[in-house]
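Engineer: Any chance you could fold what I've pasted below:
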Amino acid sequence: MGLATRATWACVAFMVVSSGHAKPADHDRADAQALDLAKQAIALRSVRGPGNQAPQVAALFKSALLAGGFSEADVTLTPVDDTALLIARWQGQDPKLKPLVISGHMDVVEAKPSDWERDPFTPVVENGLLYGRGASDMKLDDALAVAALIELKREGYKPRRGIVLALSGDEETTMKTTQVLAKELANAEMVLNVDGTGGQLDSEGKPLYFTWSGAEKNYADFELTVTSPGGHSSRPYDPNAINQLSAALVRIGQYKFKPELSELTRAYFTAAARYERRPEIAAAMRAFAADATDAKAIEVLRANPGSVGKIGTTCVVTMISGGHAMNALPQRATANINCRIFPGHPRAQIMEELRQAAADPAVQFKDITQGSVPTEASPIRPDVVDAITRAIHVGYPDVPVFPTMEAGASDSMWFRSENIPSYGVAPLFIKDSDRFSHGLNERIPVGDVQPSMDYLLSLFTALSK
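Structural biologist: Predicted structure coming up:
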């Protein structure tokens, strides 16, 4: 993060483009195609395991690209285990320039129809919202990117720098396809990941601000295990494996990691505080940006789901299992702790902190992390910052634009591990009350389609000219 001075960050955080915008051209055909592709993609259950339809999602997008002017040789669909990856290449006029990569993922997390108000894999538009698994994470983003490239082809655009669309098929699980993509595209100039971040709407649907991501927290899974001889349930004795593990999990749940700031998160809190309508949270943001040891600010930010992931490492129990029979003492109890680690800390350090918090040598720890690698932040390039800001202001004049750090993991991690700068640039705006990615009744405003298309067309051309 030493690549930018605080003065530079101040400029980044509060960059504003003049409101003298010409009305953007109409792209009705591209808008309609994006929404139609999103609906078709949502209807395909691209969930890891038996019946995974990620390859069909890839085939859907490939078919659209071929019909939109890409040649068969330009678009490849590669099967990987039960999923697939897609690469579409658009040759630039200057072969000496490294290509611009546009990244996204086609898979989604599991969704049980019995839990939802609507079938998660039947797209429905109601009250201005598109419902379905993948609506916000991230099949509409994918469809917008595909439709935007087709629109540029239709308009006769000639990129000076080559453009590569790279869609992975297992971002929500092992990220094996992303690792393949990152290695194959290691000569890229940069990656624009149309996943994560995006715009914030207030409770009435008014745009407040837009964030792009230059870094993300590192992902880890730790397995905790307690074993004992077991025995007949009529002859209980101590220690009991389930009791021991449960007590350790309670202590871990009470443990708080040291709050931290980076130049990027300082810029985020400083800027976002101006648009936070809850005075106590706005004050905490400003106080924390000024002093990362401010106890009152930390307490407020930890209690807020929107900020707790940005102030330091977080770990939470996500799965538990124990016992082998209803009438037997448990011989084994296990739990999974999922951590999102603030950049700069190795997994071994975090696991040791958890071990100390558990305070029981009988609890065995094992790092079972898959599909993750720690990475540093991408450099803050003025051309990228300017292109993002100008692109947002095409559809949302004068909406503030500033950086953030992703609390979760994304495909950007693997590109950064290959020393390719990667930026989260998702176009969609959403209210907090509609944020249901990975949850029930996932949704996204369909009104986002038109300004998102204008944004992507501007962004793709600005960075490929």
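Engineer: what's the pLDDT at the closest residue to residue 48 other than its chain neighbours?
Structural biologist: The shortest distance from residue 48 to any residue other than its chain neighbours is 4.7 Å, reached at residue 173 (C-beta to C-beta, 6 or more residues apart in numbering). For the C-beta atoms, the positions are set from N, CA and C on the backbone; glycine is no exception. Looking at residue 173, its pLDDT is 90.
Engineer: what separates residue 173 from residue 146, distance-wise?
Structural biologist: As judged by C-beta to C-beta, to the nearest Å, residue 173 and residue 146 stand 23 Å apart.
Engineer: So which of those two has more stuff around it?
Structural biologist: Of the pair residue 173 and residue 146, residue 146 is the one with more neighbours under other C-beta atoms under 10 Å, namely 29 against 16.
Engineer: beta partners for residue 218?
Structural biologist: residue 341 (DSSP bridges).
Engineer: ok so residue 366 is a helix residue?
Structural biologist: No - the assignment for residue 366, made by DSSP: H, G, I helix; E, B strand; the rest coil, is strand rather than a helix.
Engineer: does the residue lying closest to it once chain neighbours are set aside belong to a helix or a strand, and which?
Structural biologist: Nearest residue to residue 366 in three dimensions, chain neighbours excluded: residue 223, at 4.6 Å (C-beta to C-beta, 6+ apart). Using DSSP states H and E, residue 223 falls within strand 218-227.
Engineer: same check, this time on residue 180
Structural biologist: helix 176-184.
Engineer: again, but for residue 245
Structural biologist: Taking DSSP H and E as the criterion, residue 245 maps to helix 241-254.
Engineer: Please apply the same query to residue 286.
Structural biologist: Going by DSSP H and E, residue 286 is in helix 279-290.
Engineer: what pLDDT does the nearest residue to residue 113 once chain neighbours are set aside get?
Structural biologist: In space, and not counting its chain neighbours, residue 113 is closest to residue 119: 5.1 Å by C-beta to C-beta, 6+ apart. pLDDT, residue 119: 95.
Engineer: neighbouring contacts of whatever helix or strand residue 413 lives in?
Structural biologist: Assigned by DSSP H and E, residue 413 belongs to helix 412-417. Defining contact as C-beta atoms under 8 Å, 6 or more residues apart in numbering, one finds that helix 412-417 is touched by 101, 103, 175, 178-179, 181-182, 185, 188, 191, 193, 195, 213, 216, 218-219, 372-373, 375-376, 378, 406, 422-424.
Engineer: what's the helix holding residue 180 in contact with?
Structural biologist: 78, 80-81, 83-85, 87, 103, 105, 166, 168-171, 371, 411, 413-415, 417-418, 420.
Engineer: pLDDT averaged over the helix holding residue 286 - what is it?
Structural biologist: Averaging pLDDT along helix 279-290 gives 97.
Engineer: right, and the helix or strand after that helix?
Structural biologist: Trace forward from helix 279-290 with DSSP H and E and the next one is helix 295-302.
Engineer: Would you mark the buried spots in that following helix?
Structural biologist: For helix 295-302, burial by neighbour count (16 or more other C-beta atoms under 10 Å) applies to 297, 298, 300, 301, 302.
Engineer: my guess is the first one meets residue 281, correct?
Structural biologist: I take that to be residue 297. No - under the criterion of C-beta atoms under 8 Å, residue 297 is not in contact with residue 281, lying 9.5 Å apart.
Engineer: Which of the buried residues of helix 295-302 sits closest to residue 159?
Structural biologist: Ranked by distance to residue 159 (C-beta to C-beta), the buried residues of helix 295-302 are led by residue 301 at 42.3 Å.
Engineer: List the contacts of the residue nearest the centre of the chain.
Structural biologist: Centroid-nearest residue in the chain, with C-alpha atoms, centre = their mean: residue 196, separated by 3.8 Å. Contacts for residue 196 (C-beta under 8 Å, 6+ apart) come out as 213, 216, 406, 408, 410, 424, 426.
Engineer: could I get the residues you listed as TSV with secondary structure?
Structural biologist: Converted to TSV, the contacts of residue 196 look like this (three-state DSSP):
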residue	secondary structure
213	strand
216	strand
406	strand
408	coil
410	coil
424	strand
426	coil
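Engineer: filter those to the buried ones?
Structural biologist: Buried among the contacts of residue 196 by 16+ other C-beta under 10 Å: 213, 216, 406, 410, 424, 426.
Engineer: Name the nearest residue to the third one, ignoring sequence neighbours.
Structural biologist: By the measure of C-beta to C-beta, 6+ apart, the closest residue to residue 406 outside its immediate chain neighbours is residue 216, 3.7 Å from it.
Engineer: Number of residues surrounding residue 39?
Structural biologist: Once other C-beta under 10 Å is used to define contacts, residue 39 is seen to have 19 neighbours.
Engineer: which residue sits closest to it, ignoring its sequence neighbours?
Structural biologist: residue 123 (4.1 Å).
Engineer: And the helices in the stretch 51-200 of the chain, which stretches?
Structural biologist: For the stretch 51-200 of the chain, the helices defined by DSSP state H, counting those that start in this stretch occupy 54-67, 140-154, 176-184.
Engineer: For residue 205, which of those is the nearest?
Structural biologist: helix 140-154 (17.2 Å).
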